[in-house]
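Peer 1: Sequence plus predicted model, see below.
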Amino acid sequence: MAMLHIVNKSPFERNAFKSCLDHAVAGDSILMIEDAAVGAVDGTVFSSDLKAAMADKSVYVLGGDLAARGMSEDRIIDGIKVVDYAGFVDLTAENDKTQSWV
Amino acid sequence: MATKKFMYVNRKAPYGTVYALESLEVVLIAAAFEQDVSLAFIDDGVYQIAKGQNTDGIGMKNFSATYNALGDYEINKLYVEKESLEERGLTEDDLMPIVWEDEDDDWAEKPSIRIVSRAEMADILADQDVHYSF
Amino acid sequence: MKYTVMVNEGPYQHQSSDSALQFVRAALEKGHEIFRVFFYHDGVNNGTRLAVPPKDDRLLQQEWSDLAKEHDLDLVICIAAAQRRGLMDPDEAKRQGLDADNIIEGFRISGLGQLIEGSIQSDRTIVFGD
């Protein structure tokens, strides 16, 4: 009964992303969209938190949102998968339910 | 119709934005659908059920009493995260004493608020079918 | 798979309407069914026909309207949220004694029960908000 967590807030501005990481359970997936896409970048004050979560969760970022914010894919944390909207839809279908951390 | 587990995730303080009020409006409508309804109060959402709310000074309607009416709609699972309270210097005593009447127990008043740990909250969220977040 | 999508923010202020629109398009392209799109909070503003953005910007309300026509989508605006924000269809405007309505073709105004029913009927509920 895995869940897809959708995050749309930058981890540098709000606590929604942190709260998501605190409540996601092993086997869940996390998708970063909109402003949350910047959370995928490696070498930030947030990246160690996200890497820790990746030990037992799958993490994805919406490529369009990453590119729109000027962040190239070679800057993101190893292991984060870049998806497009079709991939977003697939994630919602593959997981049993979704929760948006607005 | 099938019964699903509906979770209303409340993470925002009341009044600063309309989310808390309009979330409550959905909860009240949802009661008519005879689904399994729960509410989660996480992060600033705990302020939604703080006692002693007084909106006299801001020109807005105080809707906090509506949470007390939820029991009448058989909505009595209000999960409040312990860590969210603690991080804000609050305890259960700072929350409204929201209760429901158990018709199977001679209409005894029982607390609707259930204080749970963050880990328990994660499991409760994982156990739902539909998550509305506002 | 059958989806109900909830849009909780108005156009332009937040990206959520854009994100929801892209998601719905992608889901339709993959052959999924969009059972309903429910607009709540400021999301009701996605249903006005009186928006006139600059020529080089997208017109989100029209894009939703066109998509609804093309795929026979059920786009529902919450009546309680719409009344607060001045979003009216002809019937509601008449009932309230107002001199104008402003809903765009393809949307309809109805109650919150439509959201709950959508989530009951659908395999997935996806929320786009702020």
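Peer 2: Structure received.
Peer 1: give the contact list for C:H41.
Peer 2: By CB atoms under 8 Å, 6 or more residues apart in numbering or on different chains, the residues touching C:H41 are B:V18, B:Y19, B:E22, B:F134, C:N8, C:E9, C:A81, C:G129. In short, each C-beta sits where N, CA and C put it, glycine included.
Peer 1: Write the PyMOL selection for whichever of the residues you listed are buried.
Peer 2: To isolate the buried ones among the contacts of C:H41 in PyMOL, judged by 16 or more other CB atoms under 10 Å in any protein chain shown, type:
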select buried, (chain B and resi 18+19+22+134) or (chain C and resi 8+9+81+129)
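Peer 1: With pLDDT and secondary structure added, can I get the contacts of C:H41 in a markdown table?
Peer 2: Listed next are the contacts of C:H41 as a markdown table, based on pLDDT from 0 to 100; DSSP: H, G, I helix; E, B strand; the rest coil:
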| residue | pLDDT | secondary structure |
| --- | --- | --- |
| B:V18 | 96 | coil |
| B:Y19 | 97 | helix |
| B:E22 | 94 | helix |
| B:F134 | 89 | coil |
| C:N8 | 98 | coil |
| C:E9 | 98 | coil |
| C:A81 | 97 | helix |
| C:G129 | 97 | coil |
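Peer 1: Nearest to chain A among the contacts of C:H41?
Peer 2: Chain A lies nearest to C:G129 out of these, by CB to the nearest CB, at 3.9 Å.
Peer 1: How much space separates the closest one from chain B?
Peer 2: Distance of C:G129 to chain B, given as CB to the nearest CB, to the nearest Å: 7 Å.
Peer 1: show me what contacts that residue?
Peer 2: A:8, A:100, A:102, B:133-134, C:6-9, C:14, C:16, C:41, C:43.
Peer 1: hmm, try it at 6 Å
Peer 2: Neighbouring residues of C:G129 by CB atoms under 6 Å, 6 or more residues apart in numbering or on different chains: A:V102, C:N8, C:E9, C:S16.
Peer 1: Return only those of those residues found close to chain B.
Peer 2: With CB under 6 Å from any CB of the partner chain as the criterion, those include A:V102 near chain B.
Peer 1: Quickly name whichever of the contacts of C:G129 is closest to chain B.
Peer 2: A:V102 (5.1 Å).
Peer 1: Any figure for the gap between C:G97 and chain B?
Peer 2: 23 Å.
Peer 1: Can you classify that residue by secondary structure?
Peer 2: Applying DSSP: H, G, I helix; E, B strand; the rest coil to C:G97 yields a three-state assignment of coil.
Peer 1: Against C:M88, how distant is it?
Peer 2: 11 Å (CB to CB, to the nearest Å).
Peer 1: which of these two has more neighbours?
Peer 2: More neighbours surround C:M88 than the other of C:G97 and C:M88, with 23 against 6 (other CB atoms under 10 Å in any protein chain shown).
Peer 1: Work out for me the element that one sits within.
Peer 2: Using DSSP states H and E, no element contains C:M88; it sits outside every helix and strand.
Peer 1: now swap in B:R114 and tell me
Peer 2: strand B:113-116.
Peer 1: OK, contacts around the closest residue to chain C within chain B?
Peer 2: Residue nearest to chain C within chain B (CB to the nearest CB): B:I29, separated by 4.1 Å. Going by CB under 6 Å, 6+ apart, B:I29 touches C:L112, C:G113.
Peer 1: In the longest helix along chain C, which of the residues would be classed as buried?
Peer 2: The helix that spans the most residues within chain C, counting by DSSP state H, is helix C:16-29. Residues of helix C:16-29 classed as buried by neighbour count (16+ other CB under 10 Å): C:16-28.
Peer 1: Past it, which element shows up next along the chain?
Peer 2: strand C:33-39.
Peer 1: Establish whether stretch C:67-82 and chain A are in contact.
Peer 2: No - judged by CB under 6 Å from any CB, stretch C:67-82 makes no contact with chain A; its nearest approach is 13.7 Å.
Peer 1: Contacts for that stretch, please.
Peer 2: C:28, C:34, C:36-41, C:44, C:47, C:106-112, C:114.
Peer 1: same thing with stretch B:51-60?
Peer 2: So stretch B:51-60 is contacted by B:Y15, B:N62, B:S64, B:M96 (CB under 6 Å, 6+ apart).
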